[in-house]
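Asker: Pasting the sequence and the predicted model now:
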Amino acid sequence: MNLHRSSWAVLTVLVLTSASVADDVVLVPGSTITAPGGRIRGKVERETPELVRIEGREVPLDQIAEVTYDTPGATFTQAKARENSGDLEQAAELYQQASREVNNPLLAQDARFRSASALARRAQVDPSKREAAIEALRAITTDLSSSRHYGPALELLSTLQLDARDFDAADRALQELAKLSWASDRAAVLRSQVMVKRGQSEQALQELESLVDRLPEGSIARIRADLARAEALAGLSRFDEAENVVRLVIDEADPEDASTLAPAYNTLGDCLRAAGKPRDALFAYLNTDILYPSQADEHARSLAAIAQLWRVLDRDDRAASVVERLREQYPNSRHLPSATEPTP
């Protein structure tokens, strides 16, 4: 009898273990893909620059928040822990090591991309690391051009090239990104930002207005395009129009929609700052700081701007306090270097 119960116990453990070991595709909030708990578990069968196929279901990349694989191995797990703790350089090395150790080719590709991504995030804080990160991302776009990492690598690459003011290279990367169906609208918005940086705000505005006309109202793509349009208008010194565009986005958003309102208030702050209204800009950024700190990148962006503006308003003590907050909460933020610079 005891043996019988013991056998059932072992069988139960085996069943539960086999059920829990699986690849996992986590869907973005509000995904158009229906799945229990917003995730699909099973075996990832195929990945392309456009989709992931799991358990016979093809999921477009813009519907995916994260993909994890079963039994990633000790080195990969250690790399992820290092990344989560903010040690990006060590994480990059460990991910690179993991890419050579694992047997699953899809997991190896993921480890390689994560390594390049960690290098890129580090380079945004330390420009001396930028060239190495750019080379790592270029290798991803060449070696893994048929993988799901191709598009994200192109976007990261364009960001670093824009930071380096290599506008031609950034634009080329975004032209390639635009060839992917799920990324075409996003690439158009990012290209408009390159144009604004180049002083081509009029051309950027024309392209954005054409884009906005065909995007559904309230869609994520439309909101991104509207915020970029406000930036282009500010670049043309059409400050009232820029402010009106952003305030319309804010007015139409659900008050709980942090993913829309955090970047919207930050863009409003950018427009007001460009218009020579530092106090009004400060209050715009404070909305993000106080109300939407859950949006990590936008929160860091707001803190950097707030520090700049306190300095402009001759409150160096408050500026120093905000910079310290930014360093403590987001030590690897791409916005950290600008926090100690004066506002334009």
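Answerer: Done, it's in.
Asker: Just want the most central residue of this protein.
Answerer: Nearest residue to the geometric centre of the chain (Cα atoms, centre = their mean): D297, 8.0 Å.
Asker: can you give me the strands for the stretch 51-200 of the chain?
Answerer: With DSSP state E, counting those that start in this stretch, the ranges of strands along the stretch 51-200 of the chain come out as 51-54, 57-60, 64-68.
Asker: from those strands, which stretch is densest packed?
Answerer: strand 51-54 (a mean of 20; mean count of other Cβ atoms under 10 Å). For every residue, glycine as well, the C-beta is placed using N, CA and C.
Asker: Could you check how far it is from the centre of its chain?
Answerer: Its chain's average C-alpha position is 21 Å from that of strand 51-54, according to Cα atoms, centre = their mean, to the nearest Å.
Asker: In contact with the residue nearest to the centre of the chain, which residues?
Answerer: Counting by Cβ atoms under 8 Å, 6 or more residues apart in numbering, D297 touches S333, R334, H335.
Asker: picking that back up, identify whichever of the strands of the stretch 51-200 of the chain lies nearest to D257.
Answerer: strand 64-68 (16.9 Å; Cβ to Cβ).
Asker: Relative to the closest one, what are the paired strands and their orientations?
Answerer: According to DSSP bridges, strand 64-68 forms sheet pairs with strand 23-27 (antiparallel).
Asker: list the buried ones in the strand it pairs with?
Answerer: Residues D23, V25, V26, L27 are the ones in strand 23-27 that count as buried (16 or more other Cβ atoms under 10 Å).
Asker: rewinding a little: need the contacts of D297 in CSV with neighbour count, can you?
Answerer: CSV is the format used below for the contacts of D297 (neighbours: other Cβ atoms under 10 Å):
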residue, neighbour count
S333, 22
R334, 20
H335, 20
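Asker: Just the buried residues of the top helix by length along the chain, please?
Answerer: Counting by DSSP state H, the longest helix found in the chain is helix 105-125. Residues 106-125 are the ones in helix 105-125 that count as buried (16+ other Cβ under 10 Å).
Asker: Pull the CA coordinates from that helix and hand them back as PDB.
Answerer: Below are the C-alpha coordinates for helix 105-125, written out as PDB (Å, rounded to 0.1, in the frame of the first residue of the first chain):
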ATOM      1  CA  PRO A 105      19.600  27.500 -31.100                       C
ATOM      2  CA  LEU A 106      16.700  29.900 -30.300                       C
ATOM      3  CA  LEU A 107      17.900  30.300 -26.800                       C
ATOM      4  CA  ALA A 108      21.500  30.900 -28.100                       C
ATOM      5  CA  GLN A 109      20.100  33.700 -30.400                       C
ATOM      6  CA  ASP A 110      18.300  35.200 -27.500                       C
ATOM      7  CA  ALA A 111      21.400  35.200 -25.300                       C
ATOM      8  CA  ARG A 112      23.400  36.900 -28.100                       C
ATOM      9  CA  PHE A 113      20.800  39.600 -28.500                       C
ATOM     10  CA  ARG A 114      20.500  40.200 -24.800                       C
ATOM     11  CA  SER A 115      24.300  40.600 -24.600                       C
ATOM     12  CA  ALA A 116      24.200  43.300 -27.300                       C
ATOM     13  CA  SER A 117      21.200  44.900 -25.700                       C
ATOM     14  CA  ALA A 118      22.900  45.100 -22.300                       C
ATOM     15  CA  LEU A 119      26.000  46.700 -24.000                       C
ATOM     16  CA  ALA A 120      23.700  49.200 -25.800                       C
ATOM     17  CA  ARG A 121      22.000  50.200 -22.500                       C
ATOM     18  CA  ARG A 122      25.400  50.700 -20.900                       C
ATOM     19  CA  ALA A 123      26.600  52.800 -23.800                       C
ATOM     20  CA  GLN A 124      23.700  55.200 -23.400                       C
ATOM     21  CA  VAL A 125      25.100  56.100 -20.000                       C
END
